[in-house]
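Asker: Let's see this in three dimensions:
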Amino acid sequence: MKTSEIKGLSTAELAEKIDTEVANYQQLLLNHAVSPLENPSQIKQLRRTIARLKTELRQRELSK
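Answerer: Numbering: from 1, shown residues only. Reported below is the predicted structural model:
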C-alpha cells in the first residue's frame, strides 16, 4: 500500500485497516511456521505496510 493511499484514508478506516493487516500478518506467520510460504518476502512487505499505517495514525494523533 502506497503512502498516498494511506493518507487518503480516514482515521477510522486507518485503525480498521491496521487491525485487518495485523490479523493477516499473524495468520501469515502461523502458516509459514507450519509449512514454508512460496514467497516469504510477503512477511516483510506486510510488516512494513503495518508500520506505515501506524506511522500515519501516530502523525494524525500528534497533529491534533
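
Asker: I figured residue 37 hits residue 46, correct?
Answerer: No - under the criterion of C-beta atoms under 8 Å, residue 37 is not in contact with residue 46, lying 11.2 Å apart. Using the backbone N, CA and C atoms, a C-beta is placed for each residue, glycine as well.

Asker: Okay, and the residue nearest in space to the middle of the chain sits in which element?
Answerer: A centroid search over the chain (C-alpha atoms, centre = their mean) returns residue 50, at 2.5 Å, as the residue closest to the centre. Taking DSSP states H and E as the criterion, the element that holds residue 50 is helix 41-63.

Asker: Check the offset of that helix from the chain's centre.
Answerer: Chain-centre distance of helix 41-63: 6 Å, with C-alpha atoms, centre = their mean, to the nearest Å.

Asker: Show me which positions of it end up buried.
Answerer: Counting neighbours by 16 or more other C-beta atoms under 10 Å, one finds that the buried residues in helix 41-63 are 46, 49-50, 52-53, 56-57.

Asker: And it, what does it pack against?
Answerer: Contact here means 3 or more C-beta pairs under 8 Å, 6 or more residues apart in numbering; DSSP states H and E; on that basis helix 41-63 packs against helix 3-7, helix 11-34.

Asker: Can I get that helix in CSV, CA atoms only?
Answerer: What follows is the C-alpha trace of helix 41-63 in CSV, where atoms were taken according to Å, rounded to 0.1, in the frame of the first residue of the first chain:
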residue,chain,number,x,y,z
SER,A,41,9.1,-11.8,1.4
GLN,A,42,5.3,-11.2,1.9
ILE,A,43,6.0,-11.2,5.6
LYS,A,44,8.5,-8.4,5.3
GLN,A,45,6.2,-6.4,3.0
LEU,A,46,3.2,-6.8,5.3
ARG,A,47,5.2,-5.8,8.4
ARG,A,48,6.4,-2.6,6.6
THR,A,49,2.8,-1.8,5.5
ILE,A,50,1.6,-2.1,9.1
ALA,A,51,4.4,0.2,10.2
ARG,A,52,3.4,2.8,7.5
LEU,A,53,-0.2,2.6,8.7
LYS,A,54,0.8,3.0,12.3
THR,A,55,3.1,5.9,11.5
GLU,A,56,0.3,7.8,9.7
LEU,A,57,-2.1,7.2,12.6
ARG,A,58,0.5,8.5,15.1
GLN,A,59,1.2,11.6,13.0
ARG,A,60,-2.5,12.4,13.0
GLU,A,61,-2.7,12.0,16.8
LEU,A,62,0.3,14.3,17.3
SER,A,63,-1.1,17.0,14.9
